[in-house]
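J.: Sequence and predicted structure are below.
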Amino acid sequence: MKRAHIILWVAAAVLLGLFVLALEAHRFKRIEKRGPAVESVAAILPGDMNATEVAIGVAFNDWADYIGPNRAGYRNKYPEASTWSHLFLFRKNDPQHPLFPRDDEVLLDRGVDDFVERYVRIPAELRTRDLYLYEPSGDYFWESEYFYEGQAAKFRCGFLIHLESAKDSGTWVEIFEYQPTIWVGEYFGMSAHGVLPTMLHDIRPAQATTVDRRQVLQMIRKAAARAPAER
């Protein structure tokens, strides 16, 4: 083989290696979770399940209100800059707004989050009053416990709010996350809709956070502590 051909083959192999390395480089990003260990986030609130559901409705926006016939008069409970202005409540077994994930979806779409399996193990008859707090566009992320390359990563999830009558009195409220996801910048890769490589969002499944679930529970507790006249 002529020397020129050898040089071309070597150059092609080097370029191919650099191309493969560029495609795989995003796998080596340093991602950190700076938060407490994943643990149960739950509390017993003093009211019955009806009162607790009312409190949750006070704490968060309701999707049925947002798209209802009086939408022209709808007022978001939070300023646009607040994460909570983007999340809405959905109810289990609501035929008009069927966004509450089924058990098989929770298990299939849990990614690397094993903690959410605890939710599915709760008997189905005890989950009929549960609520789902979710950002329906799928495009909104916020800062949470995750960091990459020293920068705050973008995070999103849905929140499964479990309600159950407590043994003595009150309502047991426990918060779970569904599909916790992080967005850690961009990466060079192949798009399903293109022929040539391009820059893509580096979005990955993540473990559940504890800080976010604690905040949801705290907001519910504050709403439950308000006098009925304030509701």
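T.: Received, thanks.
J.: Geometrically speaking, which residue is the centre of the chain?
T.: In the chain, the centroid-proximal residue (CA atoms, centre = their mean) is residue 157; its distance is 0.3 Å.
J.: Spit out the contact partners of that residue.
T.: By CB atoms under 8 Å, 6 or more residues apart in numbering, residue 157 lies in contact with 177-181, 208-209, 212. No exception for glycine: its C-beta is placed from N, CA and C like everyone else's.
J.: Need the three-state assignment for it.
T.: Here residue 157 is strand, with the state taken from DSSP: H, G, I helix; E, B strand; the rest coil.
J.: Do you know the pLDDT at it?
T.: Here the pLDDT value assigned to residue 157 is 97.
J.: Which parts of the chain are helices?
T.: 3-24, 49-59, 63-66, 103-108, 117-121, 211-225 (DSSP state H).
J.: in the second one, what counts as buried?
T.: For helix 49-59, burial by neighbour count (16 or more other CB atoms under 10 Å) applies to 49, 51-53, 55-59.
J.: possible to save the residues you listed as a markdown table with distance to residue 87?
T.: Shown next, in a markdown table, are the buried residues of helix 49-59 (distance: CB to CB, whole Å):
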| residue | distance to residue 87 |
| --- | --- |
| 49 | 22 |
| 51 | 22 |
| 52 | 18 |
| 53 | 17 |
| 55 | 16 |
| 56 | 12 |
| 57 | 13 |
| 58 | 14 |
| 59 | 11 |
